[in-house]
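S.K.: sharing a model prediction with you, sequence too.
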Amino acid sequence: MTRDDQTTPMLISRRRVLAGGALAGVAAFLAACGGTKPLVTPAPTAVPPTSGPTSGPSASAAATATAAPAATPSAEVNWANWTYYIDVDDADPNKHPTLDKFTAKYGTKVNYSEVVNDNEEFFGTVQPALQGGADTGWDVITMTDWMAAKLIRLGWVEQLTLANRPNFTANLGDTYKGVNWDPTGDHHAPWQSGMTGLGFDPAKTGELDSLEAFFTADPRWTGKVDLLSEMRDAIGLTMLKLGLDPANPTRDACDKAVAELKKARDAKIVRAFKGNAYAEDLKAGNVVLAMAWSGDMVQVLTDKPGMKFVVAKEGGMLWTDNNLIPKGAAHKGTAELLIDFYYQPEIAAEVEAYVNYICPVKGAADVLMATNPDVANNPLIFPPADILAKLHIFGGLSEADETYFNQQFATVTGKG
Amino acid sequence: MGTLLKRHRWIAPVALLAPGVLWLLVFYLYPALQMFQSSFWSGTLETGFTFSWDNYTNYTKALTSYAPMYARSIMYAGAATVLTFLIAYPLAYTIAFRGGRFKNLLLFLVVAPFFTSFLLRTISWTILLSDDSPILRVIHMFPGVPPEFRLLATPIAVISGITYAFLPFMTLPVYVAVEKIDFRLVEAARDLYAGPWRPGGAIVGFIVGGGLATVLGVAFEWDFLITGLVGGVTGAAIGWFFISESFVRVTFPLSVPGVFAGSLLTFIPAIGDYVNAELLGNPDTTMIGNVIQNKFLTQNDYPAASALSFMLMAGVLVVVAVYARILGTEELSASAGRM
Amino acid sequence: MAAATTHPTPGEARSAGTRPRGGARGVLGRMADKYLLIVYSALAVIYLLLPVFVIILFSFNNPPGRSNFLWSGFTLKYWLNPLGVAGLGDAVLLSLEIALISTIISTILGTLVAIALERYRFRGRAGVNALVFLPMATPEIIMGASLLTLFVAIGAAPFFPLNFATILIAHVMFNISYVVVTVRARLAGFPRHLEEAAADLYANEWETFRRVTFPLILPGVVAGALLAFSLSIDDFVITNFSAGKTQTFPMFIYAKAKIGIPVQVNVIGTSIFLIAVGAVLVTTLASRRSNKR
């Protein structure tokens, strides 16, 4: 992706972009990790809305065929998700075709709300209900893995009933299995993944491929660097720079990373710590280098060709957003059916055609290979195996360690 | 009814207060008291929280660890309050006395921008003030401006952001107070005092200009003595030439209730603001609101967040009390009534 | 800076011939008198409206992707399809409803409290004063979270599950203080003797209020209502805690801001601004015409 991304925006067809769509999920990722073969399956439109999932010649076919609902679907189900995180009908922005298919199949109305704009903020709004043992009003919530870990640790997440998740069992990508914060593997269902690396303007900074750039006072970018305000990304990348392993986040490693970040801050290299807002800084030229998320960068490249996203040679971070059922959800069974519904490759592919992140569903890539070869060949959307090998997942933290990490990081961002 | 009210003087105020005060008691004070209780908690989300008065250390810790952020909040909010005053007072005055038939329209133009989204407004400012924007290019044409000079992600941006966000909170109360001034009083005063308020105007101008420039100097790590002096001299010159004695003796005292209300409406929310520092600042411009936000949402340290908030609120109440004592709204209204 | 002078007057026309002795002030003073204040105020208005111009300009932008941050060409297509984003129309409508209703309720409650505080002396007055100032001083997040805890603790309709009513309760709560302080600024220093004279005439507190006090404080009430409306229509933090599944306009914008705020949001923002200003302009002109007659 470091060499070929100047072509990226060109590959995005005008119509797709105007429809608000950037791009699709990642076949190479799954091919590399999950071992699925690029076999052709019918286009998404071939999924009959009223019958069961389409059988395809992929490895997942056997499992998808067994999808007889063990739960009686309820009249409605409530899903809290992030914005731009599901497919939208080109003609009618109020329609989400895959949700309509779910409704057609089960008769359940999905109240889909794009109300999550921040893990912590959303946690704040559901915490009192969960603590009091009350229904939060949500049946499915989509949370980043560390927040999912926290909710599971607090015992505030329902277990997914085995009978209601045949597609999930069969089609979850292998990389996603065996996380240490969900030992039984049945409290969370990955929805989308993304990478964290360097976003920069090569015209100003020259070619970059090392995390050293964030910590080196160079007149070309000093004072024009944004770091991520997301603790795990900022600390994680710093650990990689120091040769430490983010999968094993010890307090000692945290201290070292924090000291390194403070040095960069005191040397006035860093302009600010930001969430997604770094993308605007990059586009406006306020910064020429930033810690960046792959999904955002697809957008930045569309708006301002010539920018670059690179996973550093020292490595990058991989994070995942997951679907969870909060404790006491009124429509738990239906929520399980909904989560499982999106583990059908054809449905997942349809979502990926709109969302520009990495898909955790085996076989979805095969569908996309057939329907969107231009997208499939995009190196930014389909990171090659050598890039994927460089990605790290931040290890789970105990509550005490998490508090420690957050406190230490707050002293860097000036909030503690 | 009249006689009933006259016999039972307490009925009228109680009836007037009841709905509003009840609303605040149930939906503000009761939840706030529960938060107060949680400021004496210890523990974590996972282990559960326990209450003990011994946890007053939450407060001492808050004060010792976050004093710089409190100080910065006071400084920024104070500077923003003075700036809103300097912008809003002449504006309100002009609208009230020169607006003629278009008074209402002009006043509305001042408030209407605040009907659009804060986020859109802030994004507009970031577009206008970005490092490569025309405004910045013009600034960089001036000799002596260092090449790394910028506005976004600086204290200037944070203070300007707060100033802009709370401008109507100063403009409206000042306007409603100025607008009621009987102009015959001013004309009479003008005949009596005529000329400018030379020494007094210069002194006030020096204090205001100097104080503001010093705050900006400290915040921006310039030489604050020099900036303060420059600001003071500028202010003194403006005060010397433009503040007249009739204004100081008549118009301003009559408008003080509005200025008083406007300052409170600006300063109090500004001191707890965190959004401007978040969107327009850098790691060295964080205010106490940012710390509270982080403690509450990121660290789930509810006791510390509550303790920090209650210290902030207590401080604000002290400021309000002192301010009210010094300016004494009651006495002012009495003296205005005499005139 | 503060070019606050008393010299510019509304009665400039009528007192033009009989200007007070101004010799001491010299040319500079007279120039300031005539132009400085107007120029300064015009600059202040431009400063206030500058971001609005940008918002309006970018409502005609034609961005290649989702983000409306860089100017990339003129188009009318978003004006022709202002609600072409899922959920936008509902969110705007909800915010307008909440803002209107909460403004009305909080303006009434706040005005009554302001009158009581300014016109009567009673025990506990200091306490009420503190109660009015405290909500303004409470960090939004603490206020929002503690109110949410209360709603959850009640755990029954209409407080839980969260809905329209809970947003309304929260908005009235944080609006009251601003109305009280603004109305008091108008009431303070008002000549009591007018009311006393009226009381002698009408001998009834309600009549006195209706015919004398209320017309006198009306500008303050309107100003308080304007503040309340602008606070309510743009509140995010407290609303986020009390909204549940409903989504207001600011919540919609914050959610979208992660990736890119749709151009339609600028169209809506511009429309609200233009409609509000237009309505006042029409009223002004109408009243002007009727005055002439």
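M.R.: Thanks, I have it. The structure presented is a predicted model; accordingly, all values stated were derived computationally and were not measured.
S.K.: so how far does stretch C:238-252 reach from one end to the other?
M.R.: Distance between the two ends of stretch C:238-252: 14 Å, counting by C-alpha to C-alpha, to the nearest Å.
S.K.: near chain B, anything from that stretch?
M.R.: Yes - using C-beta under 8 Å from any C-beta of the partner chain as the criterion, contacts between stretch C:238-252 and chain B involve C:Phe249, C:Pro250. Backbone N, C-alpha and C define where each C-beta goes, glycine included.
S.K.: what segments of chain A are strands?
M.R.: A:76-82, A:109-116, A:140-144, A:189-200, A:225-228, A:270-274, A:289-293, A:308-310, A:316-324, A:391-392 (DSSP state E).
S.K.: ok, and which of these has the densest surroundings?
M.R.: Greatest average neighbour count among the strands of chain A goes to strand A:289-293 (a mean of 27), per mean count of other C-beta atoms under 10 Å in any protein chain shown.
S.K.: tilt between it and strand A:316-324?
M.R.: If you take axes from the mean of the first three to the mean of the last three C-alpha atoms, to 10 degrees, strand A:289-293 sits at 40 degrees to strand A:316-324.
S.K.: hmm, strand A:289-293 in reach of chain C?
M.R.: No - Strand A:289-293 does not reach chain C (C-beta under 8 Å from any C-beta); its nearest approach is 10.2 Å.
S.K.: and that strand, what other elements does it pack with?
M.R.: strand A:189-200, strand A:225-228, helix A:231-241, helix A:278-284 (3 or more C-beta pairs under 8 Å, 6 or more residues apart in numbering or on different chains; DSSP states H and E).
S.K.: relative to chain C, which of those is closest?
M.R.: helix A:278-284 (5.2 Å; C-beta to the nearest C-beta).
S.K.: and the pLDDT for the residue of chain C found nearest chain A?
M.R.: Closest approach between chain C and chain A, counting by C-beta to the nearest C-beta: C:Gly65, at 3.7 Å. C:Gly65 is assigned 81 on the pLDDT scale.
S.K.: same deal with A:Ala22?
M.R.: So, for A:Ala22, pLDDT stands at 31.
S.K.: give the residue spans of the stretch 51-200 of chain C that score low on pLDDT.
M.R.: C:189 (pLDDT under 70).
S.K.: ok, 90 please
M.R.: For the stretch 51-200 of chain C, the stretches with pLDDT under 90 are C:64-70, C:72, C:83-87, C:118-126, C:137, C:141, C:153-161, C:185-200.
S.K.: give me the neighbour count for the closest residue to the residue of chain C closest to chain A other than its chain neighbours.
M.R.: In this structure, C:Gly65 finds its nearest non-sequential neighbour in A:Thr302, 3.7 Å apart by C-beta to C-beta, 6 or more residues apart in numbering or on different chains. Close neighbours of A:Thr302, defined as other C-beta atoms under 10 Å in any protein chain shown, add up to 22.
S.K.: A:Thr302 contacts C:Pro64, doesn't it?
M.R.: Yes - applying C-beta atoms under 8 Å, one finds A:Thr302 in contact with C:Pro64, separated by 5.4 Å.
S.K.: can I get the strands of chain A in a markdown table with mean pLDDT?
M.R.: What follows is the strands of chain A, written out as a markdown table (pLDDT from 0 to 100):
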| stretch | mean pLDDT |
| --- | --- |
| strand A:76-82 | 96 |
| strand A:109-116 | 93 |
| strand A:140-144 | 97 |
| strand A:189-200 | 95 |
| strand A:225-228 | 97 |
| strand A:270-274 | 95 |
| strand A:289-293 | 96 |
| strand A:308-310 | 94 |
| strand A:316-324 | 96 |
| strand A:391-392 | 93 |
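S.K.: out of those, nearest to B:Ile326?
M.R.: strand A:270-274 (38.5 Å; C-beta to C-beta).
S.K.: out of the strands of chain A, the one nearest A:Val157 is which?
M.R.: For A:Val157, the closest of the strands of chain A is strand A:316-324, at 5.0 Å, according to C-beta to C-beta.
S.K.: and the residue of the stretch 101-250 of chain A closest to chain B?
M.R.: A:Glu120 (4.0 Å).
S.K.: how much space separates that residue from chain C?
M.R.: 11 Å (C-beta to the nearest C-beta, to the nearest Å).
S.K.: kindly report the same for A:Ala149.
M.R.: For A:Ala149, the distance to chain C equals 21 Å [C-beta to the nearest C-beta].
S.K.: residues touching that residue, list them.
M.R.: Applying C-beta atoms under 8 Å, 6 or more residues apart in numbering or on different chains, we find A:Ala149 in contact with A:Val179, A:Trp181, A:Asp182, A:Gly396, A:Leu397.
S.K.: mind doing that once more with 7 Å?
M.R.: A:Trp181, A:Gly396 (C-beta atoms under 7 Å, 6 or more residues apart in numbering or on different chains).
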